[in-house]
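Trainee: Sequence first, predicted model second:
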There are 2 protein chains.
Amino acid sequence: MNEFTSLATVKRIADSTVRRLSLYLRFLEDFEQRGLETISSDELARRGGTTSAQVRKDLSFFGSFGKRGLGYSVPELSRRIREIMGLGREWRVIIVGAGKIGAALAQYQGFVQRGFHIVAVYDTAPEKIGRSWNSQTIRDIRQLERDAAQEKPDIAVLTVPSEAAQSMLDRIVKAGIKAVLNFAPVQLQAPADVTVKSVNMAMELESLSFSLTNHG
Amino acid sequence: MNEFTSLATVKRIADSTVRRLSLYLRFLEDFEQRGLETISSDELARRGGTTSAQVRKDLSFFGSFGKRGLGYSVPELSRRIREIMGLGREWRVIIVGAGKIGAALAQYQGFVQRGFHIVAVYDTAPEKIGRSWNSQTIRDIRQLERDAAQEKPDIAVLTVPSEAAQSMLDRIVKAGIKAVLNFAPVQLQAPADVTVKSVNMAMELESLSFSLTNHG
DNA sequence: GCTAACTTGTGAACGAATTCACAAGCCTCG
DNA sequence: CGAGGCTTGTGAATTCGTTCACAAGTTAGC
């Protein structure tokens, strides 16, 4: 495998690897801002709570970006990871469900900084529709399909109540969106070509309960 | 391994197993409400997007709760999992950081239903301190140590900006809290006897970006 | 009470992810 | 320019988690 290896030729990458890349990128951007030139796999590992072998293995799936004896060039590695992760472009994000969590997300600056632009917010409640919300007007969910055909959003963030989550996901899928971030504490079913990631706070809290109970 | 096996004697349980238990419990409670008596590992698996062997293996780490030829008693399995997960009691939760996410969490009813009671909310901003917030008055963060000594919270939910997260975690640890749910998009360092779970939305979005870019 | 149909519980086999360990390459200094 | 000190990249070994496959137990029907 060399630096020209294209991803299409590469076997399935583990989710854990992708998540760590995202983590490394955050450190690299931090180092970049502080003007550091190079970084070793060992330093990256220390920051990320992993091992240097793990860091090198993770990167090796995509090419070889370092210099033996020296380490990695901070700006270059940073650029390469952004490229691998598809962060070189802007992603069009819609938020479905204008509740508390939706509100918190819509106002979160971290998204825009990373190239995730919120292009629309939807809800079903008549009293919410039309209200302005952090430079977005809340739209009627009935517009979803029509809007999607035109505006071609890439990612949907699903922040509706559990009961509504599956049926709303079905609509999102039908509208042609291939990536969904779900905040409802339910297990969702979607076709194989649609990626669904879930953030389940209840599950995290219960994991904490488990570890407290069993001497974590 | 029999039904009296205590957890202390059991080897380390995989995080993935614990998370699935939490998932199974949700289905069981659903079945319980609908008055179903028994459930098979196969049905549980179908709901959870896994296999029946996985379900049985997960449960087998803690004992044997089913009846061959019949399946599991819904109320019993439900009770056993709650017991395993430590959900038989109430957990005292504090929220550190009264921003948008903190607000969304404080008002989220799902927590209370599962026995996670918010006993205090803290912030540093003078204009927020003293304000009332969903039956809680926002307290000065300087009270944290004193309050913790008295009120003995079990879990801290950390919803402060990234820059402040590590130093706030250090205070939480010093205050004797052994479980933390972190929402800041940074990797935190904590002693081994403190469990830290992180919810990192930026990372999830970047995983979606990766899968969209690489034909997920 | 015997047979047929089911479903659990669990060792064994398998597969995936992590860690080890070291050859190969790079830099510095004398 | 050669030696010494670093650090990468990667097969091999290991560890960890999942899936297989089947004996053993349960129920229902006849």
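Mentor: Everything's here; your move.

Trainee: Is chain B within reach of stretch A:101-116?
Mentor: Yes - residues of stretch A:101-116 contacting chain B under Cβ under 8 Å from any Cβ of the partner chain: A:101, A:103-105, A:107-108, A:110-111, A:114-116. All C-beta atoms are positioned from the backbone trio N, CA, C, and that covers glycine.

Trainee: hey, what's residue A:116 bridged with?
Mentor: The residues paired with residue A:116 through beta bridges, assigned by DSSP bridges, are residue A:91.

Trainee: so what's the most far-flung residue of chain A relative to its centre scoring on pLDDT?
Mentor: Among the C-alpha atoms of chain A, the one most distant from their mean position (Cα atoms, centre = their mean) is that of residue A:69, at 33.5 Å. The pLDDT attached to residue A:69 in the predicted structure is 96.

Trainee: where's it relative to residue A:38, distance?
Mentor: 11 Å (Cβ to Cβ, to the nearest Å).

Trainee: Not counting residues beside it along the chain, what's closest to residue A:183?
Mentor: Taking Cβ to Cβ, 6 or more residues apart in numbering or on different chains, and ignoring the residues beside it in sequence, residue A:183 has residue A:159 as its nearest neighbour in space, at 4.8 Å.

Trainee: For residue A:25, see how far away the spatially closest residue to residue A:85 that is not a sequence neighbour is.
Mentor: Distances taken as Cβ to Cβ, 6+ apart put residue B:210 closest to residue A:85, at 4.9 Å, once the chain neighbours are dropped. To residue A:25, residue B:210 is 11 Å away according to Cβ to Cβ.

Trainee: which other residues reach the worst-scoring helix or strand of chain A on mean pLDDT?
Mentor: Ranking every helix and strand in chain A by mean pLDDT, DSSP states H and E puts helix A:109-113 at the bottom, with a mean of 84. By Cβ atoms under 8 Å, 6 or more residues apart in numbering or on different chains, the surrounding residues in contact with helix A:109-113 are A:93, A:105, A:117-118, B:185, B:201-202, B:205.

Trainee: One more: stretch A:131-150?
Mentor: Counting by Cβ under 8 Å, 6+ apart, stretch A:131-150 makes contact with A:94, A:96, A:98, A:103, A:106-107, A:118, A:120-124, A:128-130, A:168, A:171-172, A:174-177, all of which sit outside it.

Trainee: and it, which residues are buried?
Mentor: Applying a neighbour-count criterion of 16 or more other Cβ atoms under 10 Å in any protein chain shown, the buried positions in stretch A:131-150 are A:133, A:136, A:138-139, A:141, A:144, A:147-148.

Trainee: Show me where chain A has its strands.
Mentor: With DSSP state E as the criterion, chain A has strands at A:38-39, A:66-67, A:71-73, A:91-96, A:116-123, A:132-133, A:136-140, A:155-158, A:179-182, A:195-198.

Trainee: Mind giving me the packing neighbours of the third one?
Mentor: In other words, strand A:71-73. Taking 3 or more Cβ pairs under 8 Å, 6 or more residues apart in numbering or on different chains; DSSP states H and E as the contact definition, the neighbouring helices and strands of strand A:71-73 are strand A:38-39, helix A:41-48.

Trainee: let's go with 7 Å and repeat that
Mentor: Strand A:71-73 sits against strand A:38-39, with contacts defined as 3 or more Cβ pairs under 7 Å, 6 or more residues apart in numbering or on different chains; DSSP states H and E.

Trainee: hmm, the strand it packs on in reach of DNA strand C?
Mentor: No - using Cβ under 7 Å from any atom of the strand, no contact is recorded between strand A:38-39 and DNA strand C, whose separation bottoms out at 9.5 Å.

Trainee: for stretch A:61-81, same thing?
Mentor: Yes - contact between stretch A:61-81 and DNA strand C is present through A:67-70 (criterion: Cβ under 7 Å from any atom of the strand).

Trainee: Give the buried residues for that stretch.
Mentor: Buried residues in stretch A:61-81, counting neighbours by 16+ other Cβ under 10 Å, are found at A:61-63, A:65-66, A:71-74, A:77-81.

Trainee: one step back: mind listing what the residue farthest from the centre of chain A touches?
Mentor: Contact analysis of residue A:69 by Cβ atoms under 7 Å, 6 or more residues apart in numbering or on different chains lists nothing.

Trainee: close to DNA strand C, is the lengthiest helix in chain A?
Mentor: With residue count as the measure and DSSP state H as the assignment, chain A has helix A:15-33 as its longest helix. Yes - Helix A:15-33 lies within reach of DNA strand C by Cβ under 7 Å from any atom of the strand, at A:15-17.

Trainee: Which of the residues you listed sits closest to residue A:50?
Mentor: When these are ranked by distance to residue A:50 (Cβ to Cβ), residue A:16 comes first, at 9.9 Å.

Trainee: and the residues of stretch A:61-81 next to DNA strand C near DNA strand D, which?
Mentor: When these are checked against DNA strand D using Cβ under 7 Å from any atom of the strand, the ones in range are A:67-70.

Trainee: Out of the residues of stretch A:101-116 next to chain B, flag the one nearest to residue A:189.
Mentor: Here the nearest of the residues of stretch A:101-116 next to chain B to residue A:189, counting by Cβ to Cβ, is residue A:101; it sits at 21.7 Å.
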